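1. Need coordinates for the below:
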Amino acid sequence: MSTESDSGAPEQAVAAPRTRRRRIDRLSLALAAVWVAFDQITKSWAVSRLSGGRTVDVVGSLRFNLSFNSGMAFGKGQGLGPILGVIALVVVVYLLLGLRVDGSRLGLIAVGLVVGGAAGNVCDRLFRGEAWFRGAVVDFIDLQWWPVFNIADIGVTVGGILLVVASIWGRPRRVES
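-> The predicted structure follows:
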């Protein structure tokens, strides 16, 4: 026998969507954690392998070339690392809180990528400098016709694009009366 909640809906019917949402939330958090780990592993490789001005030609114009960015995208805002780090932390917290809101699977994957990418670059600002938030972001993927970037930047960019796609093509939510 199923009992009814305050809204009049059977509790079993209410519990199922919550369980599914928790699973998706965990998937998003796991994706963010994996993205941060992948980002930090590749950056550690780049620092150890590419220091001293070495480059690795991969294919076509793609090469690995180590650089450090104490500013924001495209090398703008050099020296603003502490401010950018705090802003990135605020964005990460905001997006993590957004995971509690029902969303499409695509939207939650997008948030996982953005959170993972932002957190990866925040880790650089926190731990790769002489003091907290004084570190520079490690960049090493060099197309030679675009500013040098990293795995975290890929997560933020792809996640941002997916968030837009999810908001445009997201399934309409049912309004219950």
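2. and stretch 31-39, what's its mean pLDDT?
-> Stretch 31-39 shows a mean pLDDT of 96.
3. in this protein, what secondary structure element scores lowest on mean pLDDT?
-> Scoring the helices and strands of the chain by mean pLDDT, DSSP states H and E places helix 81-98 at the bottom, with a mean of 73.
4. quick one: buried residues of the following helix or strand past it?
-> Next in sequence after helix 81-98, counting helices and strands by DSSP states H and E, comes helix 105-127. For helix 105-127, a neighbour-count test (16 or more other Cβ atoms under 10 Å) marks 106-126 as buried. Every residue, glycine included, has its C-beta placed from N, CA and C.
5. Low-confidence stretches in this protein?
-> Applying pLDDT under 70 to the chain picks out residues 1-24, 72-82, 85, 98-103, 131-134, 170-177.
6. So what touches the strand ranked longest in it?
-> Longest strand in the chain, counting residues (DSSP state E): strand 62-69. Applying Cβ atoms under 8 Å, 6 or more residues apart in numbering, the external contacts of strand 62-69 come out as 46-47, 49-51, 54-58, 75, 136-144, 148.
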